[in-house]
Each structure stands twice: as C-alpha cells, then as structure tokens.
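J.: Quick one, what's the 3D model for this:
(one chain, ligands or ions: 2)
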Amino acid sequence: MEKIKVELGENSYDIFIGENLFEDAAKFAVSSNFSKKILIVTDENIFNIYGENLRKIFSKYESNFELEIIPPGETSKSLENAEKLYTCAIESQLDRKSVIMAIGGGVVGDLAGFVAATFLRGVNFIQVPTTLLAQVDSSVGGKTAVNHKLGKNLIGAFYQPKAVFIDVTTLKSLPERELKAGLGEVVKYGVISDANFFSYLEKNIEGILNRNVEVLKQIIKRSCEIKAEVVSKDEKESGLRKILNFGHTIAHAIEEETGYKKYCHGEAVAIGMIGAALISQKLGYVDAEKVTRLKNLIKNFGMYTHCEDCRIDGIYRALFRDKKTIGGKINWVLMKDFGIVEISDKVPEKIIKEALQEIGIMD
Ligand code: ADP
Ligand code: ZN
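T.: Residues are numbered from 1 along each chain as shown. Ligands and ions are numbered 1, 2, ... in the order given. Now for the predicted structure:
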C-alpha cells in the first residue's frame, strides 16, 4: 500500500493507495480515536456491485454502522439529500466524534463531505473514492459542496478528511466514459507540473485503457502527489491552486453551453486544455510541437479533441461567467512547457476566439 501525506498543519492526513482497501478503511474508522458510530454514504450503482462485500467487512469491525444509499448522478448533490443525511445522522445518534464515510464517486464524496463539514459543525470524514476522477481530483483537497438549482457547487465548504483510501481495483467496474472523465485531470497534472509524468502517460496508453492495476496505481499516485503538493501550499485557492484550473476555463463554458449533457467533465477539460495550449502557442509561450503532443495524447486516449456543438459567441460570453473570472478578467492558465504553466488575465479577445475556432467551435 502506498501512502501520500497531505501536509496541512493540524488538518494533515494520509492518502492510501492500493488494492482491496475497504477493509483498511473499516479498520481505520474503528481503531482511530473516533466514536464507534459510522454513517456510510454510497450510491445505488456502487451498492449493487460492492454492497455485499461492504456489509461483510463492516459487520466484522463495527456493528454500529448505518448505510445511506443515494441515487447515482449529479442531481443527488442536493440540499434535499443533505437534509436526508442529517436526518439519518440525528436518528442514528451520531455525535461529534462519529465518522461519516463516503464510498463512491465525486457526487457521493462532495455530498457526504458537505454533510460531515456541517453536521454538529463538523464530524470526522473518511473518503473511499471509487471513480478515477474522485481518486485523482475531488477526494484530494477538501472541497465539498452541493448544487443549487441556479448553479453547480454553489453551497459548500473547505473540509479535510481524516484519511482517503483509494482502492484501484474498484476501477475495474467503472464504465468506460467515467474512466475518461478522470483521464482529463490526469493529463492535466502532467502539463501543469511534471514533464516526466506526461511522457509516462504517452508510453502507457494501452496499460491505462486496459486498466492495468500497476499502471493505474502509478498514475493515481503521481496525480495525488501533485494535487497534494499544490493544495498544501494553497489550501483555500488564493494563488498557486489556480494552476489546477488548466483547461477548465474553456471546459466550464463548454459544459454550461451544452447543458452538462454532451460532454462529461473530463472530456470538456481535455478539449479545454487543447484550447488553452493553442492560446499559449499564439502568444508565443509554447511551440507547436508540444501542443501537438498534448492533442495526440488526448486523441490516443479516445477522447474528443474538438467541441462540435457550440458557437463562439455563446462560449465567449460563458467564459466571463466562470467562478474564476474576477472583475471581468478571465484568469487563464497558460502552458510554457510540460511541467510549467503561467497565469495571465491579459489574453486578447482575438486570440481567444481564434483558439476557440481551432477546437471546432463555430462562428
Ligand atoms: P464523478 O466521480 O465523476 O464525479 P459520480 O459520483 O457521478 O462521478 O460517479 C459516476 C458514475 O459512476 C455514477 O453513476 C456512479 O454510480 C458510478 N460509479 C462510481 N464508482 C463506480 C465503480 N467503481 N464501478 C462502477 N460504477 C461506479
Ligand atoms: Zn476538473
């Protein structure tokens, strides 16, 4: 089992990466200095695949666990579901030292984390992420949230877990598209922070797509290390953490313009990274050969390199509605080389629109 420490002073915690870790998560929950009351939150899909096993393991270690199963999908990240979880927590008499454990993708993690952050002003939280996206991104860094009908992730808190258990074997059952949703972020880490990691990805496309456990462990470990390092230096996103937004400015606009339906987050991020790289090239930050390498890696993962159903005007306007756009200035994360990025809010409109056109967005 690999261990990565996320350094956040008294909020520091470990990320464990390995195979068949449900049991380790259960042991951690009962053997730490927590109350013996655990609320496990998961979704129907995960429960159908792993429920039996979970029950067996948790019965062995803890007779005092409650299981809440939410429907799968983004709409479950709601205040209504948070309220259901509060009710369950109250009825099952969770106290301040109790544990809420999220077993699932980003939806389960964000919702359960938000409830853990707010119930009794904060109870112990443990993450067991089961999607690649949650393993390399949403479970690291302490962002928790629910959606409001007027926008995603608008209600939330920074709240760090006590530990994260990443069981890579759970990725075997993950639908293909969900794997790609995570790969977008994995490629991002290579660009923003580690040229060798980018090359590793180029050389291991087959292993990744075939879900070779050793290769998956490597890419998850390196991704978590990079995110942990960035988050340690900037927990609340005042500076450095912005680099994690590479590809996301255009991605958020594409997601919004296509109603969060056509492209999953990772796919939109992949297209957005190509757009940001093209802007970087047009500004003379990076040469064409490197932009082509990025595009080829995304293509070889079987992901979209172009966005087919958006218009320039719509996307351009949406860029200004991004949460990261402040005072009408878009904060672009631009690429200088693999492993080196720079933030700029001074990209001319003409260059942005040319780049949008090159990623297939129509006039
Ligand atoms: P994300 O982590 O991408 O934010 P979700 O929490 O919405 O995503 O999970 C994506 C989908 O994958 C959901 O339908 C969820 O039930 C399903 N899922 C999560 N983990 C697994 C897994 N290990 N095997 C199969 N399906 C899974
Ligand atoms: Zn993302």
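J.: tell me the pLDDT at the residue in the stretch 251-363 of the chain that ligand 1 sits nearest to?
T.: Nearest residue of the stretch 251-363 of the chain to ligand 1: His265, at 6.6 Å (Cβ to the nearest ligand atom). Every residue, glycine included, has its C-beta placed from N, CA and C. Listed pLDDT for His265 reads 91.
J.: just so I have it, where are all the helices in the stretch 101-250 of the chain?
T.: Secondary structure of the stretch 101-250 of the chain by DSSP state H, counting those that start in this stretch: the helices cover 106-118, 132-133, 176-193, 195-203, 205-209, 213-233, 248-257.
J.: The closest residue to Arg321 other than its chain neighbours: neighbouring residues, count only.
T.: By the measure of Cβ to Cβ, 6 or more residues apart in numbering, the closest residue to Arg321 outside its immediate chain neighbours is Glu256, 7.2 Å from it. Glu256 has 20 neighbours, counted by other Cβ atoms under 10 Å.
J.: ok, back up a step: counting neighbours, what do you get for the residue of the stretch 251-363 of the chain closest to ligand 1?
T.: Count around His265 with other Cβ under 10 Å applied: 22.
J.: Would you check that it makes contact with Gly184?
T.: Yes. His265 is within contact range of Gly184, at 7.1 Å (criterion: Cβ atoms under 8 Å).
J.: Name the residues contacting each of those two.
T.: By Cβ atoms under 8 Å, 6 or more residues apart in numbering, His265 and Gly184 have no common neighbours.
J.: Residues of the chain that sit close to ligand 1?
T.: 43, 45-46, 49, 72-73, 104-108, 130-131, 133-134, 170, 173-174, 178, 181 (Cβ under 6 Å from any ligand atom).
J.: So, low pLDDT: which residues of the chain?
T.: Per-residue confidence of the chain (counting by pLDDT under 70) places the weak regions at 62-63, 237.
J.: what's the longest strand in it?
T.: Using DSSP state E, we find that the single longest strand of the chain is strand 151-158.
J.: now it against helix 213-233, angle please.
T.: 70 degrees (axes from the mean of the first three to the mean of the last three Cα atoms, to 10 degrees).
J.: quick revisit: counting neighbours, what do you get for the closest residue to the residue of the stretch 251-363 of the chain closest to ligand 1 other than its chain neighbours?
T.: Counting by Cβ to Cβ, 6+ apart, His265 lies nearest to Ala181, which is 5.7 Å off, once chain neighbours are set aside. Applying other Cβ under 10 Å, we find 27 residues neighbouring Ala181.
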